[in-house]
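*Asks:* need a 3D model of the sequence below.
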Amino acid sequence: MNILRAAALSVFFLTNSQAQETPSYTGTQTKILDWHRENPSKDATRPVLRVVYFHGKDMDPLPRYQERLTRVMDDISKFYRDGMRLHGFKSEGLPLEKNGDGELLLHVVEGKHEAAHYDYDSGTETETEMRLALADKIDFDREFVLALYGQCWKMEDGRYGFYSPYYGKGGSNQRWGFCHAADCHLLDPELLTDTKNRFKYWEHYGDRDQTVAKFNSFYLGGIAHELGHGLGLPHDGETGVERFTLGKSLMGSGNLTYRQELWMDNPKAKGSFLSLASAMRLASHPLFTGSQAGRFENADGILTDLEAEADGSQLDLEGKVVSKIPSYAVIAYVDPAGGGDYDAKTYVTTPDEAGKFSFAKIDIPNKKTQLRLCACFVNGETTKLSTDIKRTLFTRKIDTASLFSVPPDQALAAAERAVAQGSPDAANHIRRAKAQLKEGDADLERQLALLERWLRPAPELLDLAATDQASCYLSDAKWENAKSGWAGTPRDRWGADPRFGQGLFLHIAGELHEKGLPAHCPAEHGFATVGKWDRFQATVGLRDGTEPSARAIFIVLGDGEELLRTRQLKPGETEAIDLEIRGVKQLQLLTESGMQSTHTCWAVWGSPQLSKRKH
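*Replies:* Prediction:
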């Protein structure tokens with residue numbers, strides 16, 4: 001770091017409202033690495049960044065792709081190295097996977113389709129193809145992967161086009177990470193000073209006409225930015241002082257200003273930098289600790305005892321981190337509406353040995369604003385908590401009483417969404433929801449207990465022919481066949497894709513069924529009862545939330561013979577089933593729509609149970 005930049009950085013910290021002197025995070029890094037030394041992993045291999053090179057079947061990899069991309073990734077690694085060092089962390093950058101000649105190791109995958117088949121929204125499809133092609137080389141659920149697409153070609157009008165995904169995969173964390181970015185024959189850090197030649201191209205944001213230098217700032221910065229998401233970093237912005245001294249935050253709009261100080265005709269030009277918040281989160285990431293210790297353990301962290309005081313537009317906040325694995329930092333993101341979180345200002349503090357932390361003079365804009373807290377743990381895990389900043393109607397004072405005060409039903413809904421989405425923070429959502437429970441919230445308590453159960457590995461299914469149990473829920477038993485019209489064939493929970501926001505619980509006419517078989521019409525579930533069971537009981541109906549026009553009919557077959565057929569059930573109606581099935585060897589549960597359409601025909605066999613008589 002040159003003297004002028006170091007001096008400017010000191011000015012920034014001296015003028016920052018949280019600090020009186022330049023903070024040093026050497027002790028923070030020492031705390032992280034000491035924990036890893038004291039808790040060594042059985043897996044001593046150092047995690048590395050794997051790079052996949054994808055191209056359509058009608059294209060070859062772009063010219064000189066390996067040597068260019070070696071320079072590209074070396075440059076981005078140095079950017080991260082210097083960004084970590086800027087804030088006092090020791091770093092050698094990203095651990096890149098290389099061959100014996102020191103070149104970037106690229107895992108090349110030829111697509112199943114021609115390049116024009118793929119576009120910006122094809123990420124799920126291309127990832128699936130990569131997983132299949134590299135199943136014996138890369139574990140995408142336990143490794144960190146950057147996918148680069150060699151799908152830039154010249155169009156008839158002379159422009160070049162990019163047809164590929166370009167984003168980080170949501171949910172990336174310390175256990176796995178994945179992101180997409182694009183390659184081009186002009187992508188090369190050696191061309192960052194080429195301001196004479198122009199490059200016209202089309203991408204998902206539209207047409208661009210830039211110098212080759214500016215193109216490289218955009219697209220090298222784009223790789224660095226999306227890689228940040230692949231390592232679990234969110235967007236963040238920079239303060240005015242940071243913009244003056246350092247440039248733009250990489251995880252804000254700094255993806256467009258990467259290394260631009262090299263080519264801009266302005267001695268005061270600034271490029272991009274890694275924010276303190278980003279560096280702090282990366283300090284415990286396996287790619288930067290070089291350790292596998294605790295990667296797949298849950299910190300079980302929770303942010304609690306939160307109290308706030310406001311003075312005008314500034315907020316003082318204190319709280320406590322409680323966890324199984326030590327916390328080393330808490331980050332506050334202040335995100336005003338309208339910027340898409342790219343302009344979120346960040347504040348960083350370190351908790352004491354008891355987990356207590358505090359922030360002083362957090363600036364709150366006089367507009368709709370969200371405050372997000374993120375606790376960082378030494379194994380790389382994080383836990384998050386967010387709240388909307390509210391102001392009183394007439395005085396416009398910050399309403400500190402409402403901060404982090406979430407009604408129990410909202411806390412439950414957030415926990416349910418987290419479990420449905422497979423969020424690594426789901427357990428923390430459940431704990432926060434539990435903290436909101438009041439005496440008498442028995443139904444909420446049951447639902448939270450269910451969510452906790454669904455986070456644990458599923459128990460082994462019962463064999464109805466072999467078990468000695470006197471009773472058994474069918475959702476706990478092996479079936480011979482199962483199919484449904486939609487949302488799969490889950491057990492005890494709804495199975496629709498989380499993006500539809502339909503939740504998980506099986507409520508029928510307001511009653512929660514902890515055990516059940518969702519059976520969107522038409523559906524069938526078959527069980528080999530081999531004559532060992534005497535009685536079948538269930539409560540059937542349409543799951544709450546279905547459209548008013550939906551109708552369902554429930555049918556029970558025993559050895560192919562119809563034993564029961566319900567009337568058409570409307571939403572909110574149920575029917576109790578209690579059938580003698582002694583001697584039945586094959587039990588079939590069917591559902592049919594009572595209407596021509598099966599739209600939202602969310603039939604559910606609630607609490608379906610087999611039992612034996614006492615002899």
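*Asks:* what about stretch 178-191, how long is it end to end?
*Replies:* Counting by C-alpha to C-alpha, to the nearest Å, you get 27 Å between the two ends of stretch 178-191.
*Asks:* and that stretch, what's buried?
*Replies:* For stretch 178-191, the neighbour count (16 or more other C-beta atoms under 10 Å) marks 178-184, 186-189, 191 as buried. The way it works is simple: take the backbone N, C-alpha and C, and place the C-beta from them, glycine included.
*Asks:* what mean pLDDT does that stretch get?
*Replies:* Throughout stretch 178-191, pLDDT has a mean value of 97.
*Asks:* which element follows the helix ranked longest in the chain toward the C-terminus?
*Replies:* Looking across the chain with DSSP state H, the single longest helix is helix 65-86. Going down the chain from helix 65-86, the next helix or strand is strand 106-110, by DSSP states H and E.
*Asks:* could you tell me the angle between that following strand and helix 65-86?
*Replies:* Here strand 106-110 runs at an angle of 130 degrees relative to helix 65-86 (axes from the mean of the first three to the mean of the last three C-alpha atoms, to 10 degrees).
*Asks:* hang on, the earlier thing: which other helices and strands contact the longest helix of the chain?
*Replies:* If contacts are counted by 3 or more C-beta pairs under 8 Å, 6 or more residues apart in numbering; DSSP states H and E, helix 65-86 sits against strand 49-55, strand 106-110, helix 212-230, strand 272-273, helix 276-282.
*Asks:* Gln410: neighbouring residues, count only.
*Replies:* Counted with other C-beta atoms under 10 Å, residues neighbouring Gln410 total 11.
*Asks:* please read the previous query as pertaining to Gln314.
*Replies:* As a burial measure, Gln314 scores 14 neighbours (other C-beta under 10 Å).
*Asks:* who is it paired with across the strands?
*Replies:* Judged by DSSP bridges, the bridge partners of Gln314 are Asp311, Asp363.
*Asks:* quick check: the gap between Ala472 and Ser607.
*Replies:* Check again: residue 472 is Cys, not Ala. Noted for Cys472: a distance of 12 Å to Ser607, by C-beta to C-beta, to the nearest Å.
*Asks:* oh sorry, the question was meant for Thr392
*Replies:* Separation of Thr392 from Ser607 (C-beta to C-beta) stands at 48 Å.
*Asks:* looking at the two, which is more packed in?
*Replies:* A count of neighbours by other C-beta under 10 Å puts Ser607 above the other of Thr392 and Ser607, at 20 against 10.
*Asks:* who's in contact with that one?
*Replies:* For Ser607, the contact set (C-beta atoms under 8 Å, 6 or more residues apart in numbering) comprises 473, 513-516, 537-539.
*Asks:* look up the closest residue to Thr26, ignoring the ones flanking it.
*Replies:* The shortest distance from Thr26 to any non-neighbouring residue, by C-beta to C-beta, 6 or more residues apart in numbering, is to Gly88 (5.6 Å).
*Asks:* and the one you found, how many neighbours?
*Replies:* Using other C-beta under 10 Å: Gly88 sits among 17 other residues.
*Asks:* mind checking the backbone torsions on it?
*Replies:* For Gly88, the backbone dihedrals (degrees, to the nearest 10) come out as phi 90, psi 10.
*Asks:* would you mind confirming that it is in contact with Tyr25?
*Replies:* Yes - contact criterion C-beta atoms under 8 Å: Gly88 and Tyr25 qualify, at 4.7 Å.
*Asks:* show me where pLDDT drops low in the chain?
*Replies:* 1-24, 615 (pLDDT under 70).
*Asks:* distance of the residue nearest the centre of it from Cys179?
*Replies:* Centroid-nearest residue in the chain, with C-alpha atoms, centre = their mean: Gly171, separated by 1.7 Å. Separation of Gly171 from Cys179 (C-beta to C-beta): 12 Å.
*Asks:* and the residue nearest to the centre of the chain, how close does it get to Thr382?
*Replies:* Counting by C-beta to C-beta - Gly171 and Thr382 are separated by 12 Å.
*Asks:* same check on Gly503?
*Replies:* Separation of Gly503 from Thr382 (C-beta to C-beta): 25 Å.
*Asks:* more neighbours: those two, which one.
*Replies:* Set side by side, Gly503 and Thr382 show more neighbours around Thr382, with 23 against 19, by other C-beta under 10 Å.
*Asks:* contacts only, for the more buried one.
*Replies:* Thr382 makes contact with 173, 232, 281, 374-376, 425 under the criterion C-beta under 8 Å, 6+ apart.
*Asks:* ok, now with 6 Å
*Replies:* Counting by C-beta atoms under 6 Å, 6 or more residues apart in numbering, Thr382 touches 374, 376.
*Asks:* list just the nearest of the buried residues of stretch 178-191 to Lys368.
*Replies:* Cys179 (29.8 Å; C-beta to C-beta).
*Asks:* deepest of the helices and strands packed on helix 65-86, which one?
*Replies:* strand 272-273 (a mean of 28; mean count of other C-beta atoms under 10 Å).
*Asks:* name the strands paired with it and say parallel or antiparallel.
*Replies:* By DSSP bridges, strand 272-273 pairs with strand 248-249 (parallel).
*Asks:* and the partner strand, how far out from the chain middle?
*Replies:* In terms of C-alpha atoms, centre = their mean, to the nearest Å, the centre of strand 248-249 is found 23 Å from the chain centre.
*Asks:* who's in contact with that strand?
*Replies:* Contacts for strand 248-249 (C-beta under 6 Å, 6+ apart): 236-238, 254, 257, 272, 275.
*Asks:* again with stretch 490-509
*Replies:* 416, 420-421, 475, 487-488, 513, 515-516, 518, 541, 544, 572, 574, 604, 606.
*Asks:* buried subset of these?
*Replies:* Buried among the contacts of stretch 490-509 by 16+ other C-beta under 10 Å: 416, 420, 475, 487, 513, 515-516, 518, 541, 544, 574, 604, 606.
*Asks:* for Pro95, what are its contacts?
*Replies:* Here Pro95 is in contact with 48, 287 (C-beta under 6 Å, 6+ apart).
*Asks:* thinking again about what came up before, could you dump the helices and strands packed on helix 65-86 to JSON lines with distance to Asn266?
*Replies:* Formatted as JSON lines, these follow (distance: least, C-beta to C-beta, whole Å):
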{"stretch": "strand 49-55", "distance to Asn266": "33"}
{"stretch": "strand 106-110", "distance to Asn266": "36"}
{"stretch": "helix 212-230", "distance to Asn266": "13"}
{"stretch": "strand 272-273", "distance to Asn266": "15"}
{"stretch": "helix 276-282", "distance to Asn266": "26"}
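*Asks:* and the chain, what are its domain boundaries?
*Replies:* 48-286, 288-451, 471-611 (automatic domain parsing).
*Asks:* can you say which of those is nearest to Asn39?
*Replies:* Comparing those by C-beta to C-beta, domain 288-451 comes nearest, at 5.0 Å.
*Asks:* so where do the helices sit in the protein?
*Replies:* So, for the chain - with DSSP H - the helices run 3-15, 26-38, 65-86, 123-133, 212-230, 240-245, 276-282, 286-289, 408-420, 426-435, 442-455.
*Asks:* quick one, the fifth one and strand 49-55 angle?
*Replies:* Between the axes of helix 212-230 and strand 49-55, defined by the same axes, to 10 degrees, the angle is 120 degrees.
*Asks:* contacts for helix 212-230, please.
*Replies:* 76, 79, 146, 168, 172, 177-179, 181, 186-187, 191-195, 197, 199, 250-251, 255-256, 258-260, 263.
*Asks:* count the neighbours of Asp409 for me.
*Replies:* 14.
*Asks:* what of Lys438?
*Replies:* If we define neighbours as other C-beta under 10 Å, then Lys438 has 7 of them.
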